[in-house]
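S.K.: here's a sequence, model it:
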Amino acid sequence: MRCLPFVLLVLSACVVPPQLPPGEAIGTPIVRQDAVRFAVVDADPPAHFERTLLVEATVTAVCQMSGCWMQVEDEGRTAMVRWETGCGGQYAFPPGAVGRRVLIQGTLHPKTLSEDDVSHLQEEAAQGVAFEREGYEFNASAILVLDERG
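M.R.: Numbers count the residues shown, from 1 in each chain. Sure, this is the predicted structure:
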């Protein structure tokens with residue numbers, strides 16, 4: 001019976017974070033952790049503020065000018081995603097990601113867009129993309145565009 005604590009310690013050291021699915025990684029290295037669907041995060045956004053998350057969603061729009069933002073959707077809930085390094089930084093969201101599932105590593109923040117912000121985003125978007133003035137935004141450090149389609 002004295003071995004039980006030792007065995008439990010050894011077994012707990014063997015727990016391996018989940019493997020990432022195959023896809024195109026962009027940004028900093030992704031820390032392996034369980035991914036959460038965006039619909040779950042959106043159900044209680046303040047509970048997820050200021051924490052690094054790995055969130056799964058489908059890309060619905062990408063900035064057509066420089067790839068500095070993308071819009072994602074999951075179960076009818078939408079959010080903006082921008083690079084934490086800002087527009088024109090080291091990374092860009094690929095326009096070909098529209099319609100694909102992605103994992104987003106980043107932090108969630110409340111956001112409010114002005115009318116000018118919305119107009120600017122609509123100029124950079126494909127036609128028919130709508131932007132909500134109130135909501136939440138991810139500041140991404142990395143994304144993984146999954147090989148499988150959404």
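S.K.: what about V72, distance to L20?
M.R.: 18 Å (C-beta to C-beta, to the nearest Å). The C-beta positions use only the backbone N, C-alpha and C, and glycine is treated the same way.
S.K.: these two: who's more crowded?
M.R.: Using other C-beta atoms under 10 Å as the criterion, V72 and L20 rank with V72 on top: 24 against 16.
S.K.: just checking, that one is part of a strand?
M.R.: Yes. V72 forms part of a strand when assessed by DSSP: H, G, I helix; E, B strand; the rest coil.
S.K.: wouldn't it be in contact with F93 here?
M.R.: No. Using C-beta atoms under 8 Å, V72 is not in contact with F93, being 10.1 Å away.
S.K.: show me where the chain has its strands.
M.R.: Along the chain, counting by DSSP state E, strands occupy 23-27, 36-37, 53-62, 69-74, 77-83, 100-112, 134-149.
S.K.: those: which one's closest to A47?
M.R.: Closest approach to A47 among the strands of the chain is made by strand 100-112 (9.6 Å; C-beta to C-beta).
S.K.: now the common contact residues for V72 and F93.
M.R.: Counting by C-beta atoms under 8 Å, 6 or more residues apart in numbering, the shared contacts of V72 and F93 are 59, 81.
S.K.: any regions of the chain where pLDDT drops low?
M.R.: Scanning the chain for pLDDT under 70 picks out 1-18, 149-150.
S.K.: ok, for the residue nearest the centre of it, nearest residue in space, not its chain neighbours?
M.R.: For the chain, I104 is the residue whose C-alpha lies nearest the centre (C-alpha atoms, centre = their mean; 2.5 Å). Among residues not flanking I104 along the chain, V55 sits closest, at 4.8 Å (C-beta to C-beta, 6 or more residues apart in numbering).
S.K.: quick check: that neighbour touching D34?
M.R.: No. Using C-beta under 8 Å, V55 is not in contact with D34, being 10.7 Å away.
S.K.: the two: which has the busier surroundings?
M.R.: V55 (26 against 8).
S.K.: need the contact list for that one.
M.R.: Here V55 is in contact with 35-38, 41, 103-104, 106, 108, 138 (C-beta under 8 Å, 6+ apart).
S.K.: want to try a markdown table for those, with distance to V129 as columns?
M.R.: Listed next are those as a markdown table, based on distance: C-beta to C-beta, whole Å:
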| residue | distance to V129 |
| --- | --- |
| A35 | 25 |
| V36 | 25 |
| R37 | 22 |
| F38 | 17 |
| V41 | 21 |
| L103 | 22 |
| I104 | 18 |
| G106 | 21 |
| L108 | 21 |
| F138 | 17 |
